[in-house]
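> what would the 3D arrangement of this be:
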Amino acid sequence: MRPKEFTAGRKWKSTVSGAEITASLAAVIGQSLQKRGLTEHDSDDIALEVMQEVRRTYGGQNLYFPQEQGQSISERDAEIYKRYTNGELSVQEIALEYGISLQWAYHIVRTVRVKQQQEQEEEKQAQREKEHTRWKRENWSSE
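This next block holds a predicted model:
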């Protein structure tokens with residue numbers, strides 16, 4: 001469930017402020033408590049208390065909440081890179097469509113590009129070694 005604060009008038013998830021995230025988390029907690037039978041007043045009070053405790057405990061730290069993955073990360077990253085290199089999506093569109101931050105979208109593109117370049121270089125090196133072995137075999141056996 002994504003609170004409306006993350007989508008209403010917002011293009012990118014990374015533009016949501018810390019105060020808005022705190023308010024959204026409190027709203028999510030309150031809604032969950034109401035679903036379990038608490039009154040709106042009680043659930044809001046508990047949600048605010050929880051958020052105050054979270055703020056005291058983790059205030060000033062960067063927190064990361066990993067998303068649930070329907071497909072493996074490497075498959076998703078390969079798909080993102082392919083769509084980026086084909087010109088299908090910009091980095092900003094990738095971030096929006098896949099629900100990741102702009103910085104993470106750039107990281108994925110860069111990481112997959114480097115990985116593919118390394119794999120291509122390894123293939124070239126293996127081919128060079130194979131050709132060298134063949135050359136040695138053909139040239140040494142003719143003597």
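> going by C-alpha atoms from here, please, whenever you check contacts or count neighbours.
Will do.
> can you pull out the helices in this structure?
According to DSSP state H, the chain carries its helices in the segments 18-35, 40-58, 73-85, 91-98, 102-141.
> packing partners for the third one?
I take that to be helix 73-85. helix 91-98, helix 102-141 (3 or more Cα pairs under 8 Å, 6 or more residues apart in numbering; DSSP states H and E).
> isn't S90 right up against K82?
No - at 11.4 Å, S90 does not count as touching K82 under the criterion of Cα atoms under 8 Å.
> pLDDT wise, what is the residue nearest to Y84 when sequence neighbours are not counted at?
Closest residue to Y84 apart from its sequence neighbours, by Cα to Cα, 6 or more residues apart in numbering: S90 at 6.2 Å. On the pLDDT scale, S90 is placed at 95.
> kindly report the same for H107.
H107 carries a pLDDT score of 96 in this model.
> number of nearby residues for it?
H107 has 13 neighbours, counted by other Cα atoms under 10 Å.
> could you do Q120 as well?
Q120, neighbours per other Cα under 10 Å, totals 12.
> residues touching it, list them.
Listed by Cα atoms under 8 Å, 6 or more residues apart in numbering, Q120 has no contact partners.
> per-domain residue ranges of the chain.
Using automatic domain parsing, the domain ranges for the chain come out as 4-58, 73-141.
> compare the ones you listed and say which comes out lowest on pLDDT.
Looking at those, the bottom one is domain 4-58 with a mean of 81.
> so what's V109 up against?
By Cα under 8 Å, 6+ apart, the contact list for V109 reads D77, I80, Y81, Y84.
> thought the third one was touching I108?
Yep, that's Y81 we're talking about. Yes - in terms of Cα under 8 Å, Y81 counts as a neighbour of I108; the distance is 7.4 Å.
> the two: who's more crowded?
More crowded of Y81 and I108, by other Cα under 10 Å: Y81, with 23 against 19.
> residues contacting that one?
Contacts of Y81 (Cα under 8 Å, 6+ apart): I108, V109, V112, R113.
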